[in-house]
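> next input, structure requested:
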Amino acid sequence: MKIKITIEEIRKYLDIDKLDFPKYVSPLINLANQYAQGTRPRIVGQMSERIQEFEGKTLSEWEKWYLEQKPEAIKNATEKILHKLEELKNTLNKIDRKMVEQWARDLVIVKTFAGLRFQEAILKKGAEIKSTDYRLAEPDEESRGIDGYIGDMPVSIKPDTYTVKAALPEQIVPKIIIYRKINNGIEVDYGEIL
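A predicted model of the protein is given here:
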């Protein structure tokens, strides 16, 4: 039998008071910390190791022990996070209706189009590499697992997770081009077509 224990219950069982912050404060500080990296091991220590070294039992013993080990950690983390919050505040003051509208358009129109049509970019790049032409598949070709052609070679474009699903009943005759989403784009393996 599996039972969920919430963070609130854990705090209660360990007799830890809940902090109440105003609405949006915790997520904003968390966002600033993600950018500032104020609680990374180089600032506060490797916490999983520290807690294993700790021999006490209570929260107050842990706090005393930790602060003896890393007396500047909380101050240093706070400074890094506060600095980033100031940068975010300054940036927030520059955001106006036009900028939000441009952002929304980019997300809804441009990124959706690019995200759903990136197969064409993969085909075009493959054709460029092979110094040939390309085309997207026709509906009857798509039904046979073909996403497009590079020259006269039929290809199927699949995410890197597809190889994990090798037991799928689909029989693909075309060469397979595997892609993986990465920061700021995709990484494409053209190995089968080269």
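> okay, strands next: where are they in this structure?
Counting by DSSP state E, the chain has these strands, from start to end: 134-136, 148-150, 153-159, 175-182, 185-189.
> let's have those in TSV, adding mean pLDDT.
Shown next, in TSV, are those (pLDDT from 0 to 100):
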stretch	mean pLDDT
strand 134-136	94
strand 148-150	95
strand 153-159	92
strand 175-182	88
strand 185-189	89
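> do you know which of those lies nearest Leu92?
Leu92 lies closest, by Cβ to Cβ, to one member of the strands of the chain: strand 185-189, at 28.1 Å. Backbone N, C-alpha and C define where each C-beta goes, glycine included.
> got any ranges where the protein has weak pLDDT?
Applying pLDDT under 70 to the chain flags residues 115-116, 163-173.
> flag every buried residue along stretch 174-194.
Across stretch 174-194, burial judged by 16 or more other Cβ atoms under 10 Å covers 174-179, 188, 190, 193.
> what's the span of it from first residue to last?
Stretch 174-194 has an end-to-end distance of 13 Å (Cα to Cα, to the nearest Å).
> so how far is the longest helix belonging to the chain off the chain centroid?
Longest helix in the chain, counting residues (DSSP state H): helix 73-92. Here helix 73-92 shows a centroid-to-chain-centroid distance of 22 Å under the convention Cα atoms, centre = their mean, to the nearest Å.
> so what does that helix touch, helix or strand wise?
Helix 73-92 is packed against helix 25-36, helix 41-44, helix 59-69, with contacts defined by 3 or more Cβ pairs under 8 Å, 6 or more residues apart in numbering; DSSP states H and E.
> output those helices as JSON lines; include the columns distance to Pro154.
Below are the helices and strands packed on helix 73-92 laid out as JSON lines (distance: least, Cβ to Cβ, whole Å):
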{"stretch": "helix 25-36", "distance to Pro154": "44"}
{"stretch": "helix 41-44", "distance to Pro154": "49"}
{"stretch": "helix 59-69", "distance to Pro154": "61"}
